[in-house]
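Trainee: What follows is a protein structure lacking sequence information:
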């Protein structure tokens, strides 16, 4: 599917704006970035330099140059792309587990909980970035990438946690409270929180923040004002969103979100 779209697209020599794509089970950023300080995500992440290796390290480790990496939920890392474009793919528990990203690495070695790959990104991710109309068919490109990697993992998650995640993703206000989420799936609050960490890799409250960030990022990428998107996603104000974004991504929101391509 993406091949047809790519062949009909136009490729530009001028610098291209980044792309943010958010859907129910995936999020993808492609574009230039600089230094993202130490941070950790609530879902598994695939990172790859589109123009070559980037500098990368896991918390407490040494800096190294790599072509690609897979970082499980909760593992802190940082990178420096030096202004070059890279691809960052995030997978929700409803879509797949970390094992779905591992085949993208080729031969891989483990470093402090992350996997470092010998291969660069699938060519379609570079094509999405380089095509002027890439934002129109980025969803099909992600389908292709995950189709290659295989391994859907929804069934591996405890069904009670799966229900809680689905309720949280629906945006229902009561689903955002630990006590209510636990009650809905028939668990005590303490048991629910322990089970959630075991299944997802991060605490429920941290995962809830990630869902709010996803909602705000998706709205901004679609054209909403920062203030409106932040408020609608459940943040007190734009400043609250900005702090959460920096803590989650290791960099301010403006460079990757102020000017983005739209489909």
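Mentor: Received, thanks. Worth saying up front: this structure is predicted, and the values here are computed from it rather than measured.

Trainee: next one: phi and psi at the residue most central in space within the chain?
Mentor: Geometric centre of the chain, nearest residue: residue 90, 2.7 Å, by Cα atoms, centre = their mean. Torsion angles at residue 90 (phi, psi; degrees, to the nearest 10) stand at phi -110, psi 130.

Trainee: Show me which helix runs longest in this protein.
Mentor: The helix spanning the most residues in the chain, taking DSSP state H as the definition, is helix 204-221.

Trainee: Could you list the buried residues of that helix?
Mentor: 204, 206-221 (16 or more other Cβ atoms under 10 Å). Using the backbone N, CA and C atoms, a C-beta is placed for each residue, glycine as well.

Trainee: State the helix or strand in which residue 69 lies.
Mentor: Here residue 69, judged by DSSP states H and E, is contained in strand 68-71.

Trainee: And for the longest helix of the chain, what's in contact with it?
Mentor: Identification of contacts with helix 204-221 by Cβ atoms under 8 Å, 6 or more residues apart in numbering yields 20-22, 27, 41-43, 164-165, 168-169, 171, 176, 178, 181, 192-193, 196-197, 200, 202, 226, 228-230, 232-235, 241, 244-245, 248, 257, 260, 262.

Trainee: buried subset of those residues?
Mentor: Neighbour-count burial (16+ other Cβ under 10 Å) applied to these gives 20-22, 27, 41-43, 164-165, 168-169, 176, 178, 181, 192-193, 196-197, 200, 202, 226, 229-230, 233-235, 241, 244-245, 248, 257, 260.

Trainee: So which of these belong to helices?
Mentor: When those are checked against helices (DSSP H), the matches are 164-165, 168-169, 178, 181, 192-193, 196-197, 200, 226, 229-230, 241, 244-245, 248, 257.
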